[in-house]
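Chemist: Requesting a structural model of the entry that follows:
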Amino acid sequence: MSEAKNPIDPNRLTPEQAAKLLSAAAKIRVSVEQIREDLEAGAPRNPDGTINLMHYAAWMVKEMGRGN
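Modeler: Residues are numbered from 1 along each chain as shown. Just a heads-up that it's a prediction; the model follows:
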């Protein structure tokens, strides 16, 4: 019998999980450092420090519109 894996909750990702997920989806390397820099620059985070993927993606689109 195989062990059940813990599913990833896109509403509560650690920066490491977000980097891994975004790297796989975009087929380019997204580093944990890039995620942390975005958080320092104002990217939204949950009160516990995790990342809501939809809120983070919306923030990135908004920032791209600003030319950043």
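Chemist: by contact count, what packs against the host helix or strand of Glu16?
Modeler: Glu16 belongs to helix 15-26 when elements are defined using DSSP states H and E. Counting by 3 or more CB pairs under 8 Å, 6 or more residues apart in numbering; DSSP states H and E, the packing neighbours recorded for helix 15-26 are helix 32-40, helix 53-65. Every C-beta, even on glycine, is put in place using the N, C-alpha and C of the backbone.
Chemist: what sits against the residue nearest the centre of the chain?
Modeler: Residue closest to the mean C-alpha point of the chain, counted by CA atoms, centre = their mean, is Ala18 at 3.5 Å. Counting by CB atoms under 8 Å, 6 or more residues apart in numbering, Ala18 makes contact with Val30, Ile35, Ile51, Leu53, Tyr56.
Chemist: Could you check how far Arg12 is from Gly65?
Modeler: 26 Å (CB to CB, to the nearest Å).
Chemist: Please identify which of the two sits among more neighbours.
Modeler: Using other CB atoms under 10 Å, the more surrounded residue of Arg12 and Gly65 is Arg12, with 14 against 8.
Chemist: Pretty sure Asn52 is one of the things that one touches, is it not?
Modeler: Yes. Using CB atoms under 8 Å, Arg12 makes contact with Asn52 at a distance of 7.2 Å.
Chemist: what's the overlap in contacts for the two?
Modeler: The contact sets of Arg12 and Asn52 overlap at Asn46 (CB under 8 Å, 6+ apart).
Chemist: for the chain, what are the low-confidence residue spans?
Modeler: 1-4, 67-68 (pLDDT under 70).
Chemist: for Ala19, what are its contacts?
Modeler: Ala19 sits next to Val30, Ser31, Val32, Gln34, Ile35 when contact means CB under 8 Å, 6+ apart.
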